[in-house]
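Novice: Okay, sequence plus prediction incoming.
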Amino acid sequence: MRQKIFLSLLVQIFAISIFAQVIDPVSWKFSSEALGENEFELVFIAEIDHPWHLYSAYLPKGGPIATKAYYNETVGYALVDGIVEVTRPKVKFDEGFQMDVGTIEGKAELRQRVKIEAGAEVIISGEIEYQVCDDANCLPPATAAFSFNLNPEKKTSDDPLVTLEQGDTTTVEASVLEAPGNEKDKSLWRFFWIAFGAGLLALLTPCVFPMIPMTVSFFMRGSENRARSILRGLVFGISIVAIYTFLGVIVSLTNLGPDAANALSTHWIPNLIFFILFVAFAFSFFGMFELVLPSKWVNKADAGADKGGLAGAFFMALTTVLVSFSCTGPIVGALLVEAAGGLALKPILGMFGFALAFAIPFTIFALFPSLLKGLPKSGGWLNSIKVVLGFVVLAFSMKFLLPLDPTQKIISRELVLAVWTILFFLMGMYFLGKIKFAHDSDLPYITVPRLLLSIASFVFAIFLFMGLFGAPLKTVAPLLPPKSQDWIDLTAQRGVMISDNHTSECAPVKYTDIFHMPYGLTAYYDLEEGLACAKKLDKPVFIDFKGHFCSNCKKMEAAVWSDPGVQALLRDEFIIIALYTDDRTKLAEEEWYTSQTDGKVKKTIGQQNIDYEIKHFQTNTIPLYVIMDSDGKVVTTPKGTDLDVASYTGWMREGLALASE
């Protein structure tokens with residue numbers, strides 16, 4: 001017995017030494033800058049320790065905690081637009097939340113414009129809320145207090161640079177930060193190659209492909225002067241690139257900055273307009289109508305081309321662009337819509353990439369007309385490519401419906417997947433010739449390429465259909481809404497369902513209307529209630545320190561807790577106590593207490609749970625998994641994120657064995 005007590009104490013001491021670190025990886029600095037008469041910018045600067053990252057100010061619904069400033073009620077000022085992220089976030093797919101989220105590493109700068117009443121001196125105070133994670137752990141949401149003293153006669157802040165601890169209020173001087181160049185470059189080059197591929201696809205449409213030999217015949221006139229023909233061909237290609245790139249420049253000049261970009265991506269009005277445009281583009285590809293420019297534009301450009309010379313080459317390029325608009329217009333429009341909410345350079349680079357791919361074949365055939373002999377003949381296959389693009393554009397249009405329903409009560413993951421499944425099933429039927437559109441040719445037989453494409457379409461439709469029943473669909477997950485709480489996940493029922501034999505004797509009561517566990521597991525959400533049941537049933541305890549907004553917690557549940565063996569151990573061998581450290585549910589005043597750790601009053605469920613974690617395990621990171629015996633003594637080293645199922649299962653079995661000794 002003494003050996004068991006000694007071993008238990010030794011394990012607890014070792015466990016505490018392993019996790020003994022209360023982490024606070026972010027320090028804040030605040031300042032104000034005068035912009036003009038009665039206008040100021042509030043500057044928020046965060047210094048973030050490596051390898052932690054701060055979440056963006058603008059995140060999708062259902063994601064982690066966004067960085068947000070809350071202001072105390074004060075008269076004499078008004079906020080101008082939303083907060084602006086000077087340091088642009090790095091957007092990446094979060095496996096825990098199954099969505100794209102923006103994160104910032106190293107340093108972050110945010111600015112908020114305000115306007116004060118003429119001649120008034122205003123103190124703006126409040127707190128900024130934020131959350132940080134790294135690849136293995138997350139911290140509960142935290143706040144830092146700020147106070148800005150705005151005086152129209154005081155142009156800048158004169159206070160020295162100060163590092164702000166949580167709860168402090170001061171005004172400090174700001175520094176200018178640059179966004180991570182590598183991430184910008186990656187995003188821009190990724191979009192460039194997407195646009196380049198779209199330019200190649202545009203060539204294979206019925207209003208562009210037949211124009212190649214017609215256009216080349218223009219350059220064969222006067223071909224006795226080879227050098228002059230080459231020059232005209234180059235001017236023709238450069239002119240196409242210049243015309244499309246000019247469209248990108250126009251869109252870039254109308255880009256009004258981060259506020260406009262955020263409005264385009266989140267406000268329901270522009271997204272509804274974009275959705276309607278994409279549907280119109282798709283119907284145009286299906287042959288319902290053609291998008292055509294005024295005929296006088298085409299006639300004037302054609303008249304200019306007849307003049308010949310270098311000017312004629314330019315007008316021939318303009319004619320090519322205008323005549324092909326019925327096929328290229330939807331593609332160009334889709335690219336410009338996608339680029340409008342991004343970096344100022346994105347529309348320019350996107351149109352340059354599209355134009356470059358579009359112009360290269362025209363230019364090559366203009367310089368070397370003999371290569372035309374190798375081109376395949378025009379035919380119904382060109383319209384088939386156009387129709388397939390229509391299906392793809394129609395599927396992609398669903399992206400713009402998501403901001404119209406941020407609660408996802410209607411535009412849910414299920415609806416998007418159902419629509420996509422039907423669209424790609426119809427595409428497979430189209431390849432088999434079972435569906436025919438207005439401009440399609442007769443299809444007397446199915447070619448091998450069409451058969452293979454139909455199989456690919458049906459396979460993808462089945463792949464999407466499986467997503468309706470819980471399949472993760474990692475390849476398309478960034479385009480989908482997150483899973484809802486009542487999502488039907490049949491893939492989670494892979495293991496044998498083991499009944500919870502303890503629930504009839506001491507079923508959980510507290511907070512069961514607030515919290516829920518994945519995979520049908522039963523848990524207690526109050527520490528005392530869970531420990532009392534463990535004592536009564538003489539069963540070991542499994543404490544899960546977790547959070548609503550913890551990416552790594554969700555990642556662990558998806559990758560490890562989904563294993564049937566892990567579920568069987570949790571369901572049959574342990575009393576699970578799930579303690580949410582970021583929950584904001586306010587408790588009754590008689591349940592409040594003053595923490596011995598930091599001397600602050602703990603009023604919410606989350607505050608009390610994180611206080612218990614810090615007090616007993618000297619850490620505030622989540623997820624944290626702890627195994628105790630029925631007397632509430634830690635029996636093995638607590639565990640954080642571990643995506644190795646075998647390692648995690650071995651740790652659970654080790655704890656179970658020690659708890660039963």
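Specialist: Yep, that arrived. Residues are numbered from 1 along each chain as shown.

Novice: Would you map out the domains in this structure?
Specialist: The chain breaks down into these domains under automatic domain parsing: 26-178, 182-379, 405-488, 495-659.

Novice: okay if I get the ones you listed as JSON lines plus mean pLDDT, distance to Ile385 and mean neighbour count?
Specialist: For the C-beta atoms, the positions are set from N, CA and C on the backbone; glycine is no exception. Formatted as JSON lines, those follow (pLDDT from 0 to 100; distance: least, C-beta to C-beta, whole Å; neighbours: other C-beta atoms under 10 Å):
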{"stretch": "domain 26-178", "mean pLDDT": "78", "distance to Ile385": "29", "mean neighbour count": "18"}
{"stretch": "domain 182-379", "mean pLDDT": "69", "distance to Ile385": "5", "mean neighbour count": "18"}
{"stretch": "domain 405-488", "mean pLDDT": "82", "distance to Ile385": "11", "mean neighbour count": "16"}
{"stretch": "domain 495-659", "mean pLDDT": "87", "distance to Ile385": "38", "mean neighbour count": "18"}
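
Novice: Mind putting these into CSV with distance to Phe396?
Specialist: CSV is the format used below for these (distance: least, C-beta to C-beta, whole Å):
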stretch, distance to Phe396
domain 26-178, 15
domain 182-379, 7
domain 405-488, 8
domain 495-659, 26
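
Novice: right, so of those, which gets closest to Phe391?
Specialist: Phe391 lies closest, by C-beta to C-beta, to one member of the domains of the chain: domain 405-488, at 4.6 Å.

Novice: Out of the domains of the chain, the one nearest Gly390 is which?
Specialist: Per C-beta to C-beta, nearest to Gly390 of these: domain 182-379, 3.1 Å.

Novice: Contacts for the strand or helix carrying Thr103, please.
Specialist: Here Thr103, judged by DSSP states H and E, is contained in strand 99-105. Residues from elsewhere that reach strand 99-105, judged by C-beta atoms under 8 Å, 6 or more residues apart in numbering: 46, 48, 50-56, 58-60, 62-64, 85, 87, 89-94, 180, 477-478, 480-482.

Novice: coming back round to it: ok, which of the domains of the chain comes nearest Leu394?
Specialist: Nearest to Leu394, of those and by C-beta to C-beta, is domain 182-379 at 3.9 Å.

Novice: Can you identify each of the helices in the stretch 51-200 of the chain by residue range?
Specialist: In the stretch 51-200 of the chain, the helices defined using DSSP state H, counting those that start in this stretch lie at 181-203.

Novice: just to revisit the earlier point, out of the domains of the chain, which is closest to Ser397?
Specialist: Nearest to Ser397, of those and by C-beta to C-beta, is domain 182-379 at 3.5 Å.

Novice: right, and Phe515 touches Tyr525 too?
Specialist: Yes - with contact defined as C-beta atoms under 8 Å, Phe515 reaches Tyr525; the gap is 4.7 Å.

Novice: Which strands and helices lie in contact with the helix or strand hosting Arg571?
Specialist: Arg571 is part of helix 564-573, with elements assigned from DSSP H and E. In terms of contacts (3 or more C-beta pairs under 8 Å, 6 or more residues apart in numbering; DSSP states H and E), helix 564-573 is packed against helix 645-659.

Novice: centroid residue for this protein?
Specialist: Asp100 (1.5 Å; C-alpha atoms, centre = their mean).

Novice: any idea how far Leu277 is from that residue?
Specialist: To Leu277, Asp100 is 22 Å away according to C-beta to C-beta, to the nearest Å.

Novice: do the same with Glu121
Specialist: Distance from Glu121 to Leu277, by C-beta to C-beta: 48 Å.

Novice: One more: Ile194?
Specialist: Taking C-beta to C-beta, one finds Ile194 at 18 Å from Leu277.

Novice: With Val645 instead?
Specialist: 46 Å.

Novice: and what of Ala471?
Specialist: When Ala471 is compared with Leu277 (using C-beta to C-beta), they lie 31 Å apart.

Novice: cool, and Leu203?
Specialist: From Leu203 to Leu277 the distance is 23 Å (C-beta to C-beta).

Novice: Then Ile243?
Specialist: 21 Å.
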